[in-house]
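J.: coords below, sequence missing:
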């Protein structure tokens, strides 16, 4: 077993690294697709050229994020077989289907229509052209539905039976896979998250640009309008994120109590009826000893966990991690594969959850102030330069918040790869060497550093050039059929 | 073996065929960034011919991977973990190639763009090269145990046969790409592509002959299924000769493009016919994975069949429509600066 530890750790590290990096660009491109589609729709309705410039400008950032998102997504599809072959054998009958369907119904549509959208600005009427970006945006959203259906099966396996003869899980009801309760709390939360991500990227980059521009620069109105559109989208997303997030946490109590207890820093079971105030206190800060799994320090807010977890001022019970571990040992046995206990990394979950929730709260605050400063009659957005800096910094916040959310979700299913069904240690490819895994980890790390660096650098360049850049230049980039004229066009 | 199992084996063959036909010329055009285009404008023109559609073409490979996972999870698990480093090579080539198309457009200088263009050309060679090695190694047999775990070393991947296979797929893609350039580009590159083809067709034929000979020694294709395998080999050579003839003697453009695409499809057919009824060939024949032993449950196959047969016609419809939209020729010309 010792020899396997290296493989499992390296494969887990690779999954974490590739998924986190991929998921920087997924919500960015899905959300930007929607923001850009909204902008182009405004162009079609209002027929104001400023919206066309705006669409094309943010479209460039969208295309950059889409490119990186697509290629890093390739790794996701391949690594289940490469690093997790035992997993693929055991649940492939169920897990492979949503992945294949994702490619069929979503990848084809988004990749074909994004090509049509970016190369046909002057060949279709605006009312037709805008359809291409909507199809791209909706298809990429549908793709997230399918991959999350796969992930939801890992979190909350449904619609399957165990085939003892072949030693694998088999699909018994495809509908169950799509109606998985976990999917319908996860998918809406991810969708609204994409809106938040894109909203604050557009608003933050606009803020950086406004810092550079003089107040009477002709580009200023375009960026001020961009901020309004983006933050309205972002606030809609945040509202949705709070509602779906609350629901998510609430459902976790019954679906994955260990994840919930760790998120809220509950080591010893809290039973409100045994307490003087009849309510559960909520830990604002908690430090847990990872060896004993006991809480070392805690700052508590009374009543708050009853409100969050019981949706009332008092009452409710939250099982602590220690009690849950005993229950799991009774249910699944003391040793299953490599597992010594069923604890999750409590401190990481606890603080990731708080980073996510408080980060979202901060974003909401900034969005409201920004929309107030950016009213039509007000110049505050231009004069309060400190606030533009605050907004600029917010560009990077959604990435942190998204990552924190996924850390809670994915680390919270430890030690399971499929909850209650298969452990992570049993899922890894037994035939892949430590050297191969180490090598691929290093190569991916260097690749991601390069791609991330180039991505940031090129985004800054696009921002620096501004939305009117191409008109001054040679126009070679935008439309191939006018500049690099075809036979027909020459006649 | 059930009807659905057979259908999915055929469908995965179809997906590979579609991928090789479509992305094959994309790889070829990518290589031409270094071997055919002479300046920035010509590279720009080459990019315009595949820019809007290459991504959709690549999805054929992604779908083939996903379909293998869904329909034959044991095949997917053994193939992907067994050919680990080669697949890593394919992935890296596709990653760098994919982002380079986008990154080159936003570079501040042409020298800067040229870095990504070089990367496109190199990656466009290695992607089909590694895929060719994987496909030929998959059919020639690997050290695989009874559980389907492949423990292959360097010399299991890299034999004379797999190297010829890798180069053949890359060369076929390149020829296919030249034919594509001839129907999508006007100007000097169109002529230069024709000149290159005159040299490359004999080379390709020699490669195909060598491949056929090696096929006899490294696989049991010809021994077990002499008639169909030899027939397909003859058809591959005949299609290539036809393409050569139409390019040089008849100076046709569209028909050679179809023949070079068909050659790639015929290679996929050859591999799948030879594999049948296996999906992964083990050195010990008892350990080989078969269509029957590697497949998903009947229920999963039913669900996948219903979804695929509904969606695939729609996909084909809009993809063909997008090729129609981008059908015009493109000329590389210097724009006033």
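T.: Looks like it arrived, so ask away. Predicted, not measured: the structure shown is a model, and the values here were computed from it. Residues are numbered from 1 along each chain as shown, chains lettered A, B, ... in the order given.
J.: got the contact list for residue B:259?
T.: Each residue near residue B:259 by C-beta atoms under 8 Å, 6 or more residues apart in numbering or on different chains is listed here: B:239, B:240, B:242, B:243, B:246. No exception for glycine: its C-beta is placed from N, CA and C like everyone else's.
J.: surely the first one meets residue B:264?
T.: No. When contacts are counted by C-beta atoms under 8 Å, residue B:239 is not listed as touching residue B:264 (9.9 Å).
J.: against chain A, how distant is the residue nearest the centre of chain B?
T.: Nearest to the mean C-alpha position of chain B, by C-alpha atoms, centre = their mean, lies residue B:20 at 3.2 Å. Computed as C-beta to the nearest C-beta, to the nearest Å, the residue B:20 to chain A distance reads 17 Å.
J.: between residue B:239 and residue B:264, who's got more neighbours?
T.: residue B:264 (27 against 20; other C-beta atoms under 10 Å in any protein chain shown).
J.: and the more buried one, backbone torsions?
T.: Backbone torsions for residue B:264, taken as degrees, to the nearest 10, come to phi -60, psi -40.
J.: ok, then the element right after the longest helix along chain A?
T.: As assigned by DSSP state H, the longest helix anywhere in chain A is helix A:2-46. Next along the chain after helix A:2-46, taking DSSP states H and E as the criterion, comes helix A:49-83.
J.: quick one: that following helix to helix A:2-46, angle?
T.: Between the axes of helix A:49-83 and helix A:2-46, defined by axes from the mean of the first three to the mean of the last three C-alpha atoms, to 10 degrees, the angle is 160 degrees.
J.: hey, where'd the helices end up in the stretch 301-450 of chain A?
T.: For the stretch 301-450 of chain A, applying DSSP state H, counting those that start in this stretch gives helices covering A:304-310, A:321-332, A:346-373, A:380-383, A:385-394, A:397-411, A:424-427, A:434-465.
J.: CSV please, covering the ones you listed and showing mean pLDDT.
T.: Formatted as CSV, the entries for the helices of the stretch 301-450 of chain A read as follows, by pLDDT from 0 to 100:
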stretch, mean pLDDT
helix A:304-310, 88
helix A:321-332, 91
helix A:346-373, 95
helix A:380-383, 90
helix A:385-394, 96
helix A:397-411, 95
helix A:424-427, 90
helix A:434-465, 95
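J.: relative to residue A:81, which of those is closest?
T.: helix A:424-427 (11.8 Å; C-beta to C-beta).
J.: tell me where the stretch 201-337 of chain B has helices.
T.: Taking DSSP H, counting those that start in this stretch as the criterion, the stretch 201-337 of chain B carries its helices at B:221-224, B:226-248, B:254-275, B:291-294, B:298-325.
J.: count of neighbours near whichever residue of the stretch 201-350 of chain A sits closest to chain B?
T.: Per C-beta to the nearest C-beta, residue A:205 is where the stretch 201-350 of chain A lies closest to chain B, at 14.5 Å. By the criterion of other C-beta under 10 Å, residue A:205 has 24 neighbours.
J.: tell me the angle the helix or strand that contains it makes with helix A:49-83.
T.: Here residue A:205 sits within helix A:181-212, counting by DSSP H and E. Our comparison of helix A:181-212 with helix A:49-83, counting by the same axes, to 10 degrees, yields an angle of 130 degrees.
J.: what comes up buried for helix A:181-212?
T.: Neighbour-count burial for helix A:181-212 flags A:182-210 (criterion: 16 or more other C-beta atoms under 10 Å in any protein chain shown).
J.: for that helix, give the mean pLDDT please.
T.: Mean pLDDT, helix A:181-212: 96.
J.: still on that earlier bit, can you tell me which of the contacts of residue B:259 is closest to chain A?
T.: residue B:246 (21.5 Å).
J.: that closest one: neighbour count?
T.: Residue B:246: 19 neighbours (other C-beta under 10 Å).
J.: residues touching it, list them.
T.: Per C-beta under 8 Å, 6+ apart, neighbours of residue B:246: B:252, B:255, B:256, B:259.
J.: next, format these as CSV and append pLDDT.
T.: Output for those, formatted as CSV (pLDDT from 0 to 100):
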residue, pLDDT
B:252, 89
B:255, 95
B:256, 95
B:259, 96
